[in-house]
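K.L.:
Sequence plus predicted model, see below.
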Amino acid sequence: MYVGFKHLHLTLSYFLLFLLLAVIVVAFLRRSSNIPYAGAFKKVVLAGLISAHLQLLFGLYLWFSGPWWPIQMGDSALRFKALEHPLTMLIAIVLITIGYSKAKRAQTESKAYKALFGFWLAGLLLILLRLPYDAYFSFSH
C-alpha cells in the first residue's frame, strides 16, 4: 500500500504543478483587469486547492508510514525526505490556502488576482525549491 500511495503522490504532483502554473499565469494576466473572478477559472483554482490538500494527505501518510524513524540528521538524503521536503511542502500548501482564502474574500477582482498570484507563486517557488528531482524525473519508482 505504501508503494501505491507513493505512485499516487508522484502522479498527483504533476497535475498540481500544472494547475499552479495555470492559475499563476492567468492571475498575472488578469491582475489589472476587471474580468470577474468567477466561472471556470474559479473552478480551476478550487481544483488546484483540492489537489494541494490531497497531496498533503498522501504525503502525511507516506511520512508517517515511511522508514525514516529515527531521523538521522547526519544523512542528508534521509534528512531531505524526512524533514526538509515535508516541512517546506506544508508551508507551501499553507501559502496556497491563504491565497485562495484572500482571493475568495477580496473586495475587487484586482485584489483577488493579486492575492492568487502572490501567494500561489510563493507556494510554487517553495515546492520547486524542495522537489525531489531525483525521484521526480525517474519513472522507475
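P.N.:
Looks like it came in fine.
K.L.:
which SS state does residue 72 fall under?
P.N.:
Look at residue 72: counting by DSSP: H, G, I helix; E, B strand; the rest coil, its state is coil.
K.L.:
what's the nearest residue to it if we skip its chain neighbours?
P.N.:
Leaving out its chain neighbours, the residue that sits closest to residue 72 by C-beta to C-beta, 6 or more residues apart in numbering is residue 78, at 5.4 Å. Every C-beta, even on glycine, is put in place using the N, C-alpha and C of the backbone.
K.L.:
and the gap between that neighbour and residue 67?
P.N.:
9 Å (C-beta to C-beta, to the nearest Å).
K.L.:
More neighbours: those two, which one.
P.N.:
residue 78 (15 against 8; other C-beta atoms under 10 Å).
K.L.:
Which element, helix or strand, includes the more buried one?
P.N.:
helix 76-79 (DSSP states H and E).
K.L.:
cool, residue 55 as well?
P.N.:
helix 39-65.
K.L.:
Quick check: which helices or strands does that helix pack against?
P.N.:
Applying 3 or more C-beta pairs under 8 Å, 6 or more residues apart in numbering; DSSP states H and E, we find helix 39-65 packed against helix 2-30, helix 85-105, helix 109-129.
K.L.:
can we see that at 7 Å?
P.N.:
Applying 3 or more C-beta pairs under 7 Å, 6 or more residues apart in numbering; DSSP states H and E, one finds that helix 39-65 contacts helix 2-30, helix 85-105.
K.L.:
For residue 121, give me its contacts.
P.N.:
residue 24 (C-beta atoms under 7 Å, 6 or more residues apart in numbering).
K.L.:
now residue 47
P.N.:
Going by C-beta under 7 Å, 6+ apart, the list of residues near residue 47 reads residue 19.
K.L.:
Look at residue 93 and say how many residues are nearby.
P.N.:
Neighbour tally, residue 93, other C-beta under 10 Å: 20.
K.L.:
Show the pLDDT at it.
P.N.:
At residue 93, the model reports a pLDDT of 98.
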